[in-house]
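In: A predicted structure for the sequence below; I have some questions about it.
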Amino acid sequence: MMKQTILIVDDEPLARERLRRLAEDLPDYQVCGEAADGESTLARVAELQPDILLLDIRMPGVDGLEVASRLSQLSNPPAIIFCTAYDIYAIQAFDVQAIAYLLKPVRKIALAEALARAGRVNRVQLQVLAREHTGKSANQPEDEQMAVRTHRGTELIDIAGIRYCQADQKYVTIYHSRGETVSDYTLKDLETAYPRQLLRIHRNTLVGARFVQALKRTPAGHNLVLLRENLGELQVSRRHASSVRQWLQGQQSG
């Protein structure tokens, strides 16, 4: 499996060294370079095309927030994780679409979680970009596929064949026409990437829109989605029942 590449940016050599040590202790990542200020960071990103940026905020000249803002203009920017000694920039950090905001001294477990999140987002972004570049419309998903990393390697799943996705603790199981696949995507990742194909019916469940047949209410007052092709029923939360009902009405009127 190809490792995710990381560019470390900090004006303090000791801070860069510590982040490099932490990152290289994690098996799925490789540090591809370092930078000490904003201008050299922009140049290094253009040169190295890293997947992920570990980025300090307070630096001489162009600061980390400005670097992130400029990189966000790229068609496929690296995922950004801020690593800073100051918590006062958190809101601005998320304004420039940072994946995570870690306070120094960065702990290994926090870094590992942030890197995993960055990897998920990058893969979803790449698949959406690939869809756009090949001219595929979100309204024409018949031959669209999603790549999922599993313990067996990378598995391709037909989006049109996804029946439903359910979250259980850290993982999401995708139930599709060829079986079941455990994924490290979150439901939010999938919902964001495929808003027309996957419908939220519960905080733990997305359903493939083309498999939804009806919304029914049990005598006990619970809402259920009835799936086509005799695939059974799925629980709909009270919070999402109204939006599911509106979606079905829109399908019928359309």
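Out: Here it is on my side, so go on. Residues are numbered from 1 along each chain as shown.
In: for the helix or strand harbouring Ala167, packing partners?
Out: With secondary structure defined by DSSP states H and E, Ala167 is part of strand 162-168. When contacts are defined as 3 or more CB pairs under 8 Å, 6 or more residues apart in numbering; DSSP states H and E, strand 162-168 packs onto strand 171-176, helix 187-193, strand 205-208. Every C-beta, even on glycine, is put in place using the N, C-alpha and C of the backbone.
In: weakest of these by average pLDDT?
Out: Lowest mean pLDDT within the helices and strands packed on strand 162-168: helix 187-193, at a mean of 86.
In: which regions of this protein sit below the pLDDT cut-off?
Out: Applying pLDDT under 70 to the chain flags residues 1, 90-91, 93-97, 120-143, 149-154, 253-254.
In: what's the helix or strand for the residue with the largest distance to the centre of it?
Out: Distance from the C-alpha centroid of the chain peaks at Pro219, with 38.4 Å (CA atoms, centre = their mean). Per DSSP H and E: Pro219 is located in neither a helix nor a strand.
In: got phi/psi on it?
Out: As for Pro219, its main-chain torsions (degrees, to the nearest 10) stand at phi -60, psi -30.
In: Ser72 now?
Out: phi -70, psi -20.
In: how about the residue nearest to Ala110 when sequence neighbours are not counted, what does it touch?
Out: Using CB to CB, 6 or more residues apart in numbering and skipping the chain neighbours, the partner closest in space to Ala110 is Leu102 (5.5 Å). Counting by CB atoms under 8 Å, 6 or more residues apart in numbering, Leu102 makes contact with 81-84, 110-111, 114.
In: show the buried residues in these.
Out: Buried subset of the contacts of Leu102 (neighbour count, 16 or more other CB atoms under 10 Å): 81-84, 111, 114.
In: gap between Pro60 and Ala167?
Out: 44 Å (CB to CB, to the nearest Å).
In: please apply the same query to Leu224.
Out: For Leu224, the distance to Ala167 - CB to CB - is 18 Å.
In: for Leu231, same thing?
Out: 19 Å.
In: more crowded one of these two?
Out: Set side by side, Leu231 and Ala167 show more neighbours around Ala167, with 19 against 15, by other CB atoms under 10 Å.
In: quick check: chain neighbours aside, which residue is closest to the more buried one?
Out: Ala167 sits nearest to Asn204 (CB to CB, 6+ apart), 4.7 Å away.
In: next one: phi and psi at the one you found?
Out: Asn204 adopts backbone torsions of phi -110, psi 0, taken as degrees, to the nearest 10.
In: now the buried ones among the contacts of Leu102 as TSV including distance to Ala43 and secondary structure?
Out: Conversion of the buried ones among the contacts of Leu102 to TSV gives the following (distance: CB to CB, whole Å; DSSP: H, G, I helix; E, B strand; the rest coil):
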residue	distance to Ala43	secondary structure
Ile81	20	strand
Phe82	20	strand
Cys83	20	strand
Thr84	22	strand
Leu111	25	helix
Ala114	24	helix
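In: let's have those residues in JSON lines, adding distance to Met2.
Out: Formatted as JSON lines, the buried ones among the contacts of Leu102 follow (distance: CB to CB, whole Å):
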{"residue": "Ile81", "distance to Met2": "19"}
{"residue": "Phe82", "distance to Met2": "25"}
{"residue": "Cys83", "distance to Met2": "24"}
{"residue": "Thr84", "distance to Met2": "29"}
{"residue": "Leu111", "distance to Met2": "20"}
{"residue": "Ala114", "distance to Met2": "19"}
